[in-house]
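Visitor: Here is a sequence with its predicted model. Questions after.
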Amino acid sequence: MNSRTLVFRLTVFALAFTGFAQMPIFARYYLADVPGFGWTADYYFNHVAHYILAIVLLAILGWRLPRVLRRPAWTAMDVIVGLCWAGIVLTGIVRVMKNQPESYFSPTLVMWVDWLHLGFVMLLGAASLMRSRVRVRTVKSH
């Protein structure tokens with residue numbers, strides 16, 4: 001694994017971690033009580049960290065996008081993973097917009113965007129896992 005892939009994977013892991021940390025699950029399930037993990041219960045710290053990591057992710061995705069689009073062949077899983085990334089980015093942008101003081105979104109819209117954002121993340125995880133399992137099987141069969 002090269003250093004770019006490692007940075008990408010660490011960024012995605014940190015985004016998932018800080019995203020879930022914005023929900024009160026780490027305090028509820030006592031992870032925040034483990035020495036050194038008290039920050040996991042700090043909503044504002046995780047919120048800012050998530051924004052900073054999202055900037056890093058957008059830079060990585062922007063750098064990778066031209067290469068990915070030039071690929072000669074796409075599998076169905078590649079398309080699903082790409083659509084998940086697009087959904088995550090678009091719902092993330094809407095979430096940032098709704099957090100601006102001069103904007104107003106209805107509670108129903110906010111709920112849908114939050115659920116879609118989380119749903120795309122979960123679907124991306126499942127699709128990426130499935131795609132990696134198919135690749136491993138393909139490599140082993142040849």
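Guide: Looks like it arrived, so ask away.

Visitor: Who's the closest spatial neighbour of residue 50, skipping the chain neighbours?
Guide: Once flanking residues are discounted, residue 50 sits nearest to residue 18: 4.2 Å by C-beta to C-beta, 6 or more residues apart in numbering. Heads up, the C-betas are built off the backbone N, CA and C, glycines and all.

Visitor: wait, what's in contact with that neighbour?
Guide: Residue 18 is in contact with 46, 47, 49, 50, 53, counting by C-beta atoms under 8 Å, 6 or more residues apart in numbering.

Visitor: domain ranges for this structure?
Guide: Under the assignment automatic domain parsing, the domains of the chain span 1-70, 73-142.

Visitor: Only alpha carbons, please: show stretch 15-26 as CSV.
Guide: Taking C-alpha atoms only, stretch 15-26 is exported to CSV below (Å, rounded to 0.1, in the frame of the first residue of the first chain):
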residue,chain,number,x,y,z
LEU,A,15,-14.1,11.0,9.2
ALA,A,16,-16.2,8.0,10.1
PHE,A,17,-15.0,8.2,13.7
THR,A,18,-15.6,11.9,14.1
GLY,A,19,-18.9,11.6,12.3
PHE,A,20,-20.1,9.0,14.8
ALA,A,21,-18.6,10.9,17.6
GLN,A,22,-21.0,13.8,16.9
MET,A,23,-23.8,11.5,18.0
PRO,A,24,-23.7,10.9,21.7
ILE,A,25,-22.8,7.2,21.4
PHE,A,26,-19.2,7.4,22.7
